[in-house]
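**Student:** Sequence first, predicted model second:
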Amino acid sequence: MSGPLLQISNLSIGYRARDGQVRPVLRDVSLAIGRAERLGIVGESGCGKSTLALALLGFMRSGGMLLHGAVHFDGIDLFGLATAKLQQLRGSRIALVPQNAGQALTPSMPVGAQIEEILLMHRRIERSAARIQTVELLAQVRLPNAASLARRYPHELSGGQQQRVAIAMALAGEPELLVLDEPTTGLDVTTQAHILDLLDEICERSGAAMVYVSHDLGVIARASERLAVMYAGEVVEAGATADLFAAQRHPYTRGLLASVPRLHLAALPQAMPGQPPAPGAQRTGCAFAPRCAFADQRCQEHGPVLESIEQNRLVRCHHWQRAAGAETIELLPRSQPANRNQGEPLIELRDVSITYARRGTIALLQRALGRPVPPPTVHAITLTLRQSATLALVGESGSGKSTIARALAGLQPVLAGSLRFGEIDLALLAHRRPLDVRRRVQVIFQNPDASLNPRRTVGEILERPQQLFFGLTHAERRSRSIALLTQMRLGEHYLDRFPGQLSGGEKQRVAIARAFVAEPEVILCDEVVSALDVSVQAAVLSLLAELQAERGVSYLFIAHDLAVVRAIADQVAVLYQGRLCEIGSVTQVYAPPFHPYTASLLAAVPEPVPGRRTRTIDRDAPPAAPRPAVARSTIVAHAGSNQPVPLKIPHGA
């Protein structure tokens with residue numbers, strides 16, 4: 001059949017609020033997706049990206065309703081289709097790859113059995129053939145030892161492996177359209193690069209169309225041919241990806257690109273002022289007007305329409321000509337005091353080793369029987385975090401970054417070595433530490449779902465530390481909570497919400513606010529911005545820098561985004577397989593000549609440059625120690641050695 005594979009026509013979707021009114025979260029969205037085309041959808045949290053992605057499968061969350069419009073797949077009206085036929089279509093011709101594969105996979109079934117189930121249901125083949133094809137699919141997504149891996153359960157796989165299993169499940173029905181909702185969020189850069197390479201191969205081999213939803217503009221530049229920018233439930237700009245990145249016509253698109261940290265520059269990205277309206281909020285005029293430098297009375301009173309301004313270019317703005325002619329927004333280097341890295345040592349790790357292996361009688365019996373003892377997860381690490389400074393830990397998943405943070409937080413015992421916070425022994429587990437030490441060392445976890453009590457409101461979550469550590473009155477606690485939420489680009493109305501009513505980015509901002517409400521001296525930041533869209537990420541990075549300057553707080557900053565690390569960190573430690581691979585100032589570590597492993601991490605970072613291909617290393621190959629090399633004046637350790645040692649290379653090597 002000729003024409004687009006997917007046609008979205010004036011689609012509006014709403015949800016019924018507590019007051020009984022229907023709040024639209026998608027407003028008159030119209031898009032067409034051609035066969036074998038790759039469309040990217042970007043925008044801040046709450047702009048309607050995920051709602052639109054699910055609508056492409058004819059699905060709405062509980063409480064949602066179709067206000068008007070339609071979604072046609074190959075001429076079929078998805079919202080007019082009977083449930084049984086829609087379910088059959090979803091598993092075969094349209095497939096979804098979700099953001100969190102760990103939550104999408106059934107924990108009580110081996111991953112192979114879950115793929116077999118799809119093959120049996122949608123391909124109608126014999127079970128023996130389904131088992132063979134399951135192994136072939138797992139091998140197709142480049143998972144090692146596919147036959148053995150098919151017998152494993154989801155919790156036995158890494159995050160990157162779980163994501164590849166989710167992709168294999170989506171491919172099982174041989175779909176014509178793949179819908180990917182933030183499939184690489186939270187993955188380290190090398191795993192992310194492998195996933196993007198894999199998606200390229202799949203689309204080229206199968207001819208499937210792809211809709212890629214993400215807040216990561218570097219990933220979108222790498223993965224899509226055409227781009228739609230969404231704000232407050234509307235498409236505000238659309239066109240070829242290369243054209244939009246080269247010249248933005250809508251002020252919001254310009255603001256998003258200015259919010260992206262750059263790998264080549266130690267600078268804090270510029271956050272857009274204000275915040276987007278609450279999903280479904282009633283309004284008149286342009287939704288972006290309160291945040292726009294070009295807004296005037298016309299924008300306040302009359303909402304612009306999505307119009308064609310150039311060939312295959314759409315924009316929703318009264319003043320797109322002025323926005324197009326404005327000067328390019330430049331990033332400004334972050335100012336650093338001369339004594340920034342000369343502060344007194346605050347936390348010191350000396351020859352620290354950490355293991356997750358069992359201890360006690362069972363472990364002794366296993367050793368007595370000659371069973372091999374697994375090596376420590378972290379081995380002989382020596383690091384120093386100084387006052388009012390930021391030390392970043394980078395490396396792939398499994399390199400030991402979060403393990404070190406858990407030990408400093410008192411959540412994981414230390415096998416050997418010492419952890420000192422001045423005269424305080426941080427090797428003590430959290431429940432044995434004095435109350436004041438627990439206040440002075442706070443942690444922000446990567447997954448806010450695992451750290452926010454789902455039965456408590458945001459107000460109760462923020463007030464509890466204040467009551468515990470400071471004994472403030474209810475009025476004082478509420479006032480401080482509102483001030484913090486405002487700094488986090490949330491409002492007072494969030495106090496009465498539960499975590500389950502928030503988006504992933506909103507939950508993470510609440511977790512950050514809870515850490516700061518205790519007025520700590522050290523904050524352990526474990527992937528704190530990985531779930532945030534670029535504009536909120538820029539605001540949070542600026543906020544972290546401001547609070548550090550005001551309060552003198554120190555950060556141990558764990559991240560997989562090396563551009564974010566370049567923007568916020570003073571020193572960087574590169575970890576590989578639990579060993580210290582390289583350490584130095586940001587300038588030293590990011591300047592050539594690189595340690596080969598550091599070079600591989602930097603090469604895998606997706607930047608907002610359309611068509612730029614990242615280079616990858618074999619993520620699933622057996623680990624091997626990288627060849628030692630050194631950036632000038634940087635301490636580098638061979639991955640197989642116990643201690644970091646200075647290594648020299650010839651000039652110009």
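**Tutor:** On my side now, so go ahead. The model shown is predicted, which means the values in this text are computed figures rather than measured ones.
**Student:** Now do the contacts for Thr241.
**Tutor:** Neighbouring residues of Thr241 by CB atoms under 8 Å, 6 or more residues apart in numbering: Gly40, Ile220, Ala221, Ser224, Glu225, Arg226, Leu227, Pro610. For every residue, glycine as well, the C-beta is placed using N, CA and C.
**Student:** Reformat the residues you listed as TSV; add secondary structure.
**Tutor:** Shown next, in TSV, are those (DSSP: H, G, I helix; E, B strand; the rest coil):
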residue	secondary structure
Gly40	strand
Ile220	helix
Ala221	helix
Ser224	coil
Glu225	coil
Arg226	strand
Leu227	strand
Pro610	coil
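**Student:** Of these, just the buried ones, ChimeraX syntax please.
**Tutor:** Buried members of those, defined by 16 or more other CB atoms under 10 Å, are picked up in ChimeraX with:
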select :40,220,221,224,225,226,227,610
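**Student:** Using pLDDT, spot the least trustworthy of the contacts of Thr241.
**Tutor:** Of all the contacts of Thr241, Pro610 has the smallest pLDDT value, namely 72.
**Student:** doesn't Gly218 make contact with that residue?
**Tutor:** No: taking contacts as CB atoms under 8 Å, Pro610 lies outside contact range of Gly218: 10.2 Å.
**Student:** Out of the contacts of Thr241, flag the one nearest to His474.
**Tutor:** The nearest member of the contacts of Thr241 to His474, counting by CB to CB, is Ile220 at 44.8 Å.
**Student:** What sits closest to the closest one if chain neighbours are left out?
**Tutor:** In space, Ile220 comes closest to Gly40 once its chain neighbours are excluded; the distance is 4.0 Å by CB to CB, 6 or more residues apart in numbering.
**Student:** Please, where are all the helices along the stretch 501-650 of the chain?
**Tutor:** 504-516, 534-551, 562-568, 586-589, 596-603 (DSSP state H, counting those that start in this stretch).
**Student:** how about those, which one is nearest Gly343?
**Tutor:** Gly343 lies closest, by CB to CB, to one member of these: helix 534-551, at 11.3 Å.
**Student:** which secondary structure elements does the closest one contact?
**Tutor:** Applying 3 or more CB pairs under 8 Å, 6 or more residues apart in numbering; DSSP states H and E, one finds that helix 534-551 contacts helix 251-258, strand 267-268, helix 504-516, strand 554-558, helix 562-568.
**Student:** Could you name the stretch from the ones you listed that's closest to Val111?
**Tutor:** helix 504-516 (23.9 Å).
**Student:** Just give the number of residues close to Ala515.
**Tutor:** Neighbour count of Ala515, defined by other CB atoms under 10 Å: 21.
**Student:** Then Phe294?
**Tutor:** 17.
**Student:** and it, helix, strand or coil?
**Tutor:** Per three-state DSSP, Phe294 ends up coil.
**Student:** What score does Ala166 have for pLDDT?
**Tutor:** For Ala166, pLDDT reads 90.
**Student:** Next: Gln571.
**Tutor:** 94.
**Student:** Redo the helices and strands packed on helix 534-551 as JSON lines? Include distance to Pro98 and mean pLDDT.
**Tutor:** Below are the helices and strands packed on helix 534-551 laid out as JSON lines (distance: least, CB to CB, whole Å; pLDDT from 0 to 100):
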{"stretch": "helix 251-258", "distance to Pro98": "24", "mean pLDDT": "91"}
{"stretch": "strand 267-268", "distance to Pro98": "32", "mean pLDDT": "83"}
{"stretch": "helix 504-516", "distance to Pro98": "12", "mean pLDDT": "85"}
{"stretch": "strand 554-558", "distance to Pro98": "24", "mean pLDDT": "95"}
{"stretch": "helix 562-568", "distance to Pro98": "24", "mean pLDDT": "91"}
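**Student:** Tell me which of those sits nearest to Val213.
**Tutor:** That would be helix 504-516 among the helices and strands packed on helix 534-551, by CB to CB, at 12.7 Å.
**Student:** what residues does that closest one touch?
**Tutor:** Outside helix 504-516, the residues touching it (CB under 8 Å, 6+ apart) are 45-46, 99, 215, 442-445, 448-449, 451-452, 458, 461-462, 465, 481, 484-485, 487-490, 494, 499, 502, 523, 528-529, 531-533, 536, 540, 547.
**Student:** Farthest pair within the contacts of Thr241?
**Tutor:** Longest span within these, CB to CB: Ala221 and Arg226, 11.9 Å.
**Student:** Report the contact partners of Ala289.
**Tutor:** By CB under 8 Å, 6+ apart, the neighbours of Ala289 are Ala295, Cys299, Gln300.
**Student:** related to what we said a few turns ago, can you put the contacts of Thr241 in a markdown table and add distance to Val553?
**Tutor:** A markdown table is the format used below for the contacts of Thr241 (distance: CB to CB, whole Å):
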| residue | distance to Val553 |
| --- | --- |
| Gly40 | 37 |
| Ile220 | 33 |
| Ala221 | 34 |
| Ser224 | 38 |
| Glu225 | 44 |
| Arg226 | 43 |
| Leu227 | 38 |
| Pro610 | 38 |
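**Student:** Just give the number of residues close to the nearest residue in space to Ser50 that is not next to it in sequence.
**Tutor:** Spatially, and ignoring its direct neighbours in sequence, Ser50 is nearest to Asp181 (5.7 Å; CB to CB, 6+ apart). Using other CB under 10 Å, Asp181 has 21 neighbouring residues.
**Student:** What's opposite Asp181 in the beta bridge?
**Tutor:** Beta-bridge pairing of Asp181 under DSSP bridges involves Val213.
**Student:** Please report the distance of it from Val564.
**Tutor:** Note on Asp181: its distance to Val564, by CB to CB, to the nearest Å, is 22 Å.
**Student:** try Gln133
**Tutor:** 40 Å.
**Student:** Check Ser600 too.
**Tutor:** 18 Å.
**Student:** same question, Leu602
**Tutor:** Leu602 is 13 Å from Val564, by CB to CB.
**Student:** List the ones among the contacts of helix 504-516 that fall in helices.
**Tutor:** Val458, Ile461, Leu462, Pro465, Ser481, Leu484, Leu485, Gln487, Val536, Val540, Leu547 (DSSP state H).
**Student:** which among the residues you listed end up buried?
**Tutor:** For the ones in helices among the contacts of helix 504-516, buried by 16+ other CB under 10 Å: Val458, Ile461, Leu462, Pro465, Ser481, Leu484, Leu485, Gln487, Val536, Val540.
**Student:** residue contacts, the fifth one?
**Tutor:** By that I understand Ser481. Val458, Gly459, Leu462, Glu463, Gln466, Leu495, Ala513, Val517.
**Student:** make it 7 Å
**Tutor:** Contact analysis of Ser481 by CB atoms under 7 Å, 6 or more residues apart in numbering lists Gly459, Leu462, Glu463, Leu495.
**Student:** Neighbour-wise, give me the winner out of those.
**Tutor:** Leu462 (24 neighbours).
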